[in-house]
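A.B. asks: A predicted structure for the sequence below; I have some questions about it.
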Amino acid sequence: YVSDALGASFTVSPAFDLKEAYEDTSSTTPIIFILSPGADPMNYLKKLAEEKEMDGPKFHPLSLGQGQGPVAKEKILAGRRNGDWVCLQNCHLAASWMDELERLQEGQVESETHPDYNSGKFPVPVLQSGIKITNEPPKGLKANIRGTLNDISDKEYESSPKPYEYKKLLFALAFFHAVILERRKFGAIGWNIPYEWMNSDFETSHKQLRLYLEDQSAEVPYQTLKVLVAEINYGGRVTDDKDVDLLISRVTDDKDVRLINSLLTKYFSPDVMIEDYKFSPGGEYFAPQPGTLEDAKNYVTGLPAEDDPEVFGLHRNANITFQQKNVREFLDTLLLVSPKTSDGGAAGVSNDDLVAKMAEEIEKRLEGDIEYDKEEGGSMNVFRNQEIVRFNKLVRSMKRTLGDLQKAIKGLVVMSIELEDMYVCFLNKKVPENWTKVAYLSLKPLASWVNDLVARFKFMKEWAKEPQKSYWVPAFFFPQGFMTAVLQTYARKTKIPIDTLLFRTEVRKVKESEITEAPTDGVNIHGLFLDGCRWDANKGLLAESEKGQLFSHYQADDCYKCPLYKTSDRRGVLSTTGHSTNFVLYIDLKSD
């Protein structure tokens, strides 16, 4: 609508123009760069310094940190006298020195300052007197590729001794760079962790591409470039081992069934040199025939404004995940700025009455402690007892805080900071932090979280009475402990060392309610979901997701090593037990 009513220029972010901003500055007006993830203005600053003949000894970049304050002060004073440029980086690492920086800025006299002097820094008085600039990464595949090509000069584009191979692979590299950046918008489906890849990663890869093309007189060293770009330049920022596998597999000739539908395998391949080679099933994306740099930019201008998830190797349902993520972030922002008062709403119910009623209803649903046999032996029983202790602790904490909150609303006790935060969370339908500290990992809102807790508590109460025919794995605080207990039970039964055992999953075409007996070896499990695909019960294979269906019930089989997580957020940290706080284990699934 905006494009039709006002013009396409209002829907396209303008290119970053540091030169234009520089024209508005003076020797007493600094430029402050406010950085955003994935954007590094340093290269733009260096290019501007070259244009203004301020490079070399007249350009002084300095990364602040311990002991760098006096050095920065000396550079600033020298820059004022000589007309040099001073760039202070990582100012957040020198917070204690910012007061000194403020005094230096306030003591600056224009008549005593060389007109060519310039610097970048950000205490409040400096912010007030300076020009603020932020360079957010381009949004969308089209804008990303266009921005990358804008940073390449015509001279550089035409200077390779192998122009055909260079231009084809350079565009493929720019496309790859844009794809891995844009995958972040899909949340955990794109990358487990939203890595902050920058232009410097592309520039390093670009330089290596030129170097190896110029040094290799015969064939293009595809394998060498793949290792450099995937494992070192981009893979060096990847910390999650599942993302490492994803990144490296997608830029090599690996035809593993796990990544058979991935398009990233195509970017570093001899096939890129073929004229009709496509980057996407739809055929809209490809490396254009080598011409001028302007020809490549014109091709990018004609690309679709909306990115098809298939070009990222994702199902079209990924768009739903992306839209839900955007709406969730927008609503969270609205909640942060919304007023928190106890006035009555449209229905005439005050916030105090609403929160008190919610607290009362939740308290009524909570049962007493689960009773269990503390002396009962066996790995499974030890694990069960540990889980019950955690559930009892959580419920006791909830009962105590719910009672205190109701008393605080009535004015019988002081409304502490903890209770006030709990009050606000109830209004926002979120789980209070004082509960999440002693609870299991969950992304559910308050109402669903309480329902889920009641169901988990019921399951553990039934297990305390007798062993279960099928175990609800997502119900546990520590499902990794359950898996270890299963292995220990089998190892003791068969006298096989536990470190030589692996899990094998086998599908059963029955619901948990239809299971009549437990298996002789191993356990039945239920309650798992597939994200990004579905289970075809008729064929007994993994299959593409149905349109509009983000999650599907899963039962289990073998072949594809599918990572199992506690929540769809996927990312976690290494706990004191040596296990991830989110990742559980790999499950083998059949796939065609």
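C.D. replies: That came in fine, so what should we check first? Numbers count the residues shown, from 1 in each chain.

A.B. asks: and residue 359, what is it in contact with?
C.D. replies: Taking CB atoms under 8 Å, 6 or more residues apart in numbering, we find residue 359 in contact with 402, 405, 406, 409, 426. Every residue, glycine included, has its C-beta placed from N, CA and C.

A.B. asks: so residue 103, which of the three states?
C.D. replies: With DSSP: H, G, I helix; E, B strand; the rest coil as the basis, residue 103 sits in helix.

A.B. asks: how much space between it and residue 73?
C.D. replies: 10 Å (CB to CB, to the nearest Å).

A.B. asks: chain neighbours aside, what residue packs nearest to the most centrally placed residue in the chain?
C.D. replies: In the chain, the C-alpha nearest the mean C-alpha coordinate belongs to residue 194, at 2.7 Å (CA atoms, centre = their mean). Spatial nearest neighbour of residue 194, excluding adjacent residues (CB to CB, 6 or more residues apart in numbering): residue 184 at 4.5 Å.

A.B. asks: so residue 539 sits in a helix?
C.D. replies: No: read with three-state DSSP, residue 539 is coil and lies in no helix.

A.B. asks: near it, how many other residues are there?
C.D. replies: Each residue near residue 539 was counted by other CB atoms under 10 Å, and the total is 10.

A.B. asks: looking at the chain, which helix or strand is least sure?
C.D. replies: None of the helices or strands of the chain scores lower by mean pLDDT, DSSP states H and E than strand 118-120, at a mean of 48.

A.B. asks: re earlier: Serialize the contacts of residue 359 to TSV and add fields for distance to residue 381.
C.D. replies: As requested, the contacts of residue 359 are exported to TSV (distance: CB to CB, whole Å):
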residue	distance to residue 381
402	31
405	36
406	37
409	42
426	37
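
A.B. asks: give me phi/psi at the residue nearest to residue 194?
C.D. replies: phi -60, psi -30 (degrees, to the nearest 10).

A.B. asks: can you verify my assumption that it contacts residue 192?
C.D. replies: No: applying CB atoms under 8 Å, one finds residue 184 not in contact with residue 192, separated by 10.7 Å.

A.B. asks: so between those two, which is more surrounded?
C.D. replies: Using other CB under 10 Å as the criterion, residue 184 and residue 192 rank with residue 192 on top: 23 against 17.

A.B. asks: from residue 567, how far off is that one?
C.D. replies: Distance from residue 192 to residue 567, counting by CB to CB: 12 Å.

A.B. asks: what does residue 16 give?
C.D. replies: For residue 16 relative to residue 567 (CB to CB), the value is 37 Å.

A.B. asks: with neighbour numbers in mind, choose between those two.
C.D. replies: residue 16 (19 against 16).

A.B. asks: okay, the more buried one: pLDDT?
C.D. replies: For residue 16, the pLDDT comes out at 70.

A.B. asks: also residue 244?
C.D. replies: For residue 244, pLDDT reads 56.

A.B. asks: kindly report the same for residue 151.
C.D. replies: 84.

A.B. asks: now do the contacts for the nearest residue to it once chain neighbours are set aside.
C.D. replies: Counting by CB to CB, 6+ apart, residue 151 lies nearest to residue 199, which is 6.8 Å off, once chain neighbours are set aside. With contact taken as CB under 8 Å, 6+ apart, residue 199 is in contact with 39, 40, 43, 148, 151.

A.B. asks: which helices and strands does the longest helix along the chain pack with?
C.D. replies: Secondary structure of the chain per DSSP state H: the longest helix is helix 379-410. Here helix 379-410 is seen to pack against helix 351-365, helix 417-427, helix 433-436, helix 446-465, helix 479-494 when contacts are counted using 3 or more CB pairs under 8 Å, 6 or more residues apart in numbering; DSSP states H and E.

A.B. asks: make TSV from those helices and add distance to residue 165 and mean pLDDT to it.
C.D. replies: Listed next are the helices and strands packed on helix 379-410 as TSV, based on distance: least, CB to CB, whole Å; pLDDT from 0 to 100:
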stretch	distance to residue 165	mean pLDDT
helix 351-365	65	93
helix 417-427	58	92
helix 433-436	54	94
helix 446-465	55	95
helix 479-494	49	92
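
A.B. asks: and the ones you listed: which comes nearest residue 25?
C.D. replies: Of all the helices and strands packed on helix 379-410, the one in closest proximity to residue 25, counting by CB to CB, is helix 417-427 (43.1 Å).
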